[in-house]
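>>> have a look at this prediction, sequence included:
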Amino acid sequence: MQRNRRPLNPEHQLSHLPMSGIIRSRIKRLFTILGGLLVTQVVIIWAAEDLTLFESAWMTMTTLVTVGYGDFAPQTIIGRLSTVLLMFIAAITLLTLIVSDYIEYRFYRRERILTGRWIYAMKDHIVIVNTPQTGGEQYFSRFASQMRAVPGYETVPIIILTSQFPNGLPPELADNGLVHFHGSGSDPEALKAVHAGSARHIVVLAADESDPTSDSLTFD
């Protein structure tokens, strides 16, 4: 007997998105509503006021960004009411929410990048798995500088898959264009996050260079 499955509502679907996806979806939705309000206001002003379409759009945009040049202003009751309701209350409030969400997204992205949990859009890049127990910063810095000196590799992205650097990569590595993802090479999800399947090269390092069995364990 086949069961009827209820479709997921949009709120439930959004709950399965990462936080960055939720914020971006909310910003897009707010932009759509804001665009609808602006179009409505332009049409109302164009119909009610003695203004051209361009002048109506100009007055609407200057009202939205609260510049207020004063060259145009609504003279009719309908124009003034729509300006108060659609612009002063609704549109400016939405613009404030969009700016707030964008700032939240930037802080969220920065925190995820520092902790190695941001998933980059990469292809034809270099993945380095593991970090040397000692001298890791010097090793990666030397590796990056040598790779940049090879013709055709000047701008190839390099990402390190490692459980180290929980507070972010050292500045000298970040300045060389390296990024990292917090995880293990034995974790399929971590390998998926660094797009190992579309990498140009994968460099696997011994988890512990001082342990004679580390190489075999790493490749296993």
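Nice, I can see it. Numbering: from 1, shown residues only.
>>> contacts only, for Glu55.
Counting by C-beta atoms under 8 Å, 6 or more residues apart in numbering, Glu55 makes contact with Phe72. For the C-beta atoms, the positions are set from N, CA and C on the backbone; glycine is no exception.
>>> in which helix or strand would I find it?
If you go by DSSP states H and E, Glu55 is part of helix 53-64.
>>> remind me, longest helix of this structure?
In the chain, taking DSSP state H as the definition, the longest helix is helix 19-48.
>>> residues of it that come out buried?
22-23, 26-27, 30, 34, 37-38, 41-42, 44-46, 48 (16 or more other C-beta atoms under 10 Å).
>>> measure how the helix holding Glu55 sits relative to helix 19-48, angle-wise.
Using axes from the mean of the first three to the mean of the last three C-alpha atoms, to 10 degrees, the inter-axis angle of helix 53-64 relative to helix 19-48 is 130 degrees.
>>> report the mean confidence score over helix 53-64.
For helix 53-64, mean pLDDT rounds to 95.
>>> just to revisit the earlier point, elements contacting the longest helix of the chain?
Packing partners of helix 19-48 (3 or more C-beta pairs under 8 Å, 6 or more residues apart in numbering; DSSP states H and E): helix 10-14, helix 53-64, helix 77-82, helix 92-114.
>>> let me have those helices in JSON lines, extended by distance to Ala149.
What follows is the helices and strands packed on helix 19-48, written out as JSON lines (distance: least, C-beta to C-beta, whole Å):
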{"stretch": "helix 10-14", "distance to Ala149": "46"}
{"stretch": "helix 53-64", "distance to Ala149": "50"}
{"stretch": "helix 77-82", "distance to Ala149": "63"}
{"stretch": "helix 92-114", "distance to Ala149": "26"}
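>>> who's in contact with His92?
His isn't right for residue 92; it's Ile. Here Ile92 is in contact with 64, 66 (C-beta under 8 Å, 6+ apart).
>>> separation between it and Leu34?
Using C-beta to C-beta, to the nearest Å, Ile92 is found at 10 Å from Leu34.
>>> run a quick neighbour tally on Pro166.
Pro166: 11 surrounding residues under other C-beta atoms under 10 Å.
>>> pretty sure Ser20 contacts Arg106?
No: taking contacts as C-beta atoms under 8 Å, Ser20 lies outside contact range of Arg106: 10.5 Å.
>>> next up, the contacts around Leu178.
Counting by C-beta under 8 Å, 6+ apart, Leu178 has contacts 140, 144, 158-160, 169.
>>> first vs last residue of stretch 189-203, how far apart are they?
Taking C-alpha to C-alpha, to the nearest Å, the first and last residues of stretch 189-203 lie 18 Å apart.
>>> buried residues, that stretch. List them.
By neighbour count on 16+ other C-beta under 10 Å, the buried set for stretch 189-203 is 190-191, 193-196, 199, 202.
>>> hang on, the earlier thing: who wins for proximity to His125 among the helices and strands packed on helix 19-48?
helix 92-114 (16.1 Å; C-beta to C-beta).
>>> what mean pLDDT does the closest one get?
Averaged across helix 92-114, pLDDT comes to 94.
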